[in-house]
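> kindly generate the corresponding structure for this input.
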Amino acid sequence: MKILLTGGSGFIGRHLCRRLVAHGHQLIVLTRKPRRSARGLPEGTRLLSSLDEIADDEVIDGIVNLAGESLFAGRWTRRRKETLFASRVGVTEDIVSLVSRLERKPAVLVSGSAVGFYGDAGNAELTEDSPARKKDFGYRLCDAWEQAARPVSRQGVRLCLIRTGIVLGRDGGMLKQLLPLYKLGLGAKMGEGNQWLSWVHIDDMVAILVRALETPGIEGLFNACAPAPVTQSEFHRKLGGKLHRPVMLKVPATALRIGLGELSGMLLGGQRVYPRRLEQQGFIFRYPDLDSALDHLIGK
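Purely as a prediction, here's the structure:
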C-alpha cells in the first residue's frame, strides 16, 4: 500500500513508519520540517511540507492521521488552545479536503483522538460506548478532532478513530521525560495520586494502528489502551520500584494549579478506560499490565 501519514515524525509515528516499511508499504509523510524529519524516518520515505504537493490523480491507499501539537508544551492560553485545535482539527479537515479532490479515494483513514474525550471521569469505568463524563477542554478538543474526520465515511472511506491513552516508550512520550528524574530519586506523585492513568506500550499502540490500517471491515471507535489501567500512585510506585529508587516525593495539587493553570487538570484528573472493542475482536496485547510493560522498557 502507499500510505500517507501526518505526525509520522513524532514518537508514535516513527515507530509506526518502521513497522509499515517492514510490512512492505510505501510511505508519504507530511511534516513541517522535512529536512530535519528525514533523519529519523526509514530510507525511501517521501516527505511533504504541504498536502497541496499531492496531485488529484495520485493513488493513495490509506491515510494515518496522528498530527497534533503536544498538550504539555505550555500553559493553555487562548493562543495555545487555538494552536492545539489547529494542529489536530485543522489538519484533519485538510485531509478530508484532500480525500474529496482525489480521483481515486483511499480505502481507509485511521485518525487519532485520545481518551481525553471522556473528560475527567473520576472512578467511572469507561468503554467506547461511554459518554463524556465532563465536557472540559480535553473533551472539546477530542470531540472536534473526531467530528472533523467523520465526513470521509460519506465518501466511501473506511474510518477508524483511535482514542489513545498515555503511550509508554523509552524514546518518547511521558516515560522518556520521567526516567531521568526517577533514576535520580526525584520522581514525584501528582496530587493525591487517586487519578486514573490509561496507558499502552508503544509496541501495542503500533500494532493497533497497523491492524486498523490493514484489516478490511475494521472501523469505528477504538480505545487504544491496555486492559489494566492504574492510578497515578500505582504508576509512581511501580516505576520507582523497577528503578530501585525511593518514591517519597509529592507535588501538591495547589502548586500544580498555580503553576500550570487549566493544564493542571490533565495531571490531576484522569480516565479509567478499557479497550472493549479491541478485546471483543480478538486483539491480543503483548503487554497487558504495567509490570510487563515496564519490565520490557526498563528491564527487571
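> only C-alpha atoms from now on, for both contacts and neighbour counts.
Will do.
> can you map out the strands along the stretch 51-200 of the chain?
For the stretch 51-200 of the chain, the strands defined by DSSP state E, counting those that start in this stretch occupy 62-65, 108-114, 125-126, 158-164, 166-168, 188-190, 196-197, 199-201.
> and those strands, which one is worst for confidence?
Mean pLDDT is lowest for strand 188-190 among the strands of the stretch 51-200 of the chain, at a mean of 88.
> which residues touch the closest residue to residue 199 other than its chain neighbours?
Leaving aside its sequence neighbours, residue 199 sits nearest to residue 166 (Cα to Cα, 6 or more residues apart in numbering; 4.3 Å). Counting by Cα atoms under 8 Å, 6 or more residues apart in numbering, residue 166 touches 173-174, 197-200, 225.
> would you list the buried entries among those residues?
Among the contacts of residue 166, those classed as buried by 16 or more other Cα atoms under 10 Å are 173, 197-200, 225.
> that older thread, and the strands of the stretch 51-200 of the chain as CSV, adding distance to residue 242?
What follows is the strands of the stretch 51-200 of the chain, written out as CSV (distance: least, Cα to Cα, whole Å):
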stretch, distance to residue 242
strand 62-65, 34
strand 108-114, 27
strand 125-126, 27
strand 158-164, 25
strand 166-168, 15
strand 188-190, 15
strand 196-197, 18
strand 199-201, 16
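> now for those strands, which one comes closest to residue 278?
Comparison of the strands of the stretch 51-200 of the chain against residue 278 by Cα to Cα identifies strand 158-164 as nearest, at 10.8 Å.
> returning to that earlier point: let's have the buried ones among the contacts of residue 166 in TSV, adding distance to residue 210.
Below are the buried ones among the contacts of residue 166 laid out as TSV (distance: Cα to Cα, whole Å):
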residue	distance to residue 210
173	20
197	24
198	20
199	18
200	15
225	15
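> which one of the residues you listed is nearest residue 248?
Nearest to residue 248 among those is residue 197, at 19.4 Å by Cα to Cα.
> quick check: beta-bridge partners of that closest one?
On the basis of DSSP bridges, residue 197 is bridged to residue 230.
> identify the residues contacting the nearest residue to residue 132 once chain neighbours are set aside.
By the measure of Cα to Cα, 6+ apart, the closest residue to residue 132 outside its immediate chain neighbours is residue 118, 3.9 Å from it. Applying Cα under 8 Å, 6+ apart to residue 118 gives the contacts 126, 130-135, 139, 271.
> please identify which pair of those lies farthest apart.
Longest span within the contacts of residue 118, Cα to Cα: 126 and 135, 14.8 Å.
> quick check: residue 286 touching residue 204?
Yes - the criterion here is Cα atoms under 8 Å, and residue 286 meets it with residue 204 at 6.5 Å.
> neighbour count for the two, which is higher?
The neighbour count for residue 286 versus residue 204, taken as other Cα atoms under 10 Å, is higher for residue 204 (22 against 13).
> if I've got this straight, that one is in a helix?
Yes - counting by DSSP: H, G, I helix; E, B strand; the rest coil, residue 204 is part of a helix.
> residue 289 is in contact with that one, correct?
No - using Cα under 8 Å, residue 204 makes no contact with residue 289, being 11.6 Å away.
> identify the contacts common to these two.
By Cα under 8 Å, 6+ apart, no residue touches both residue 204 and residue 289.
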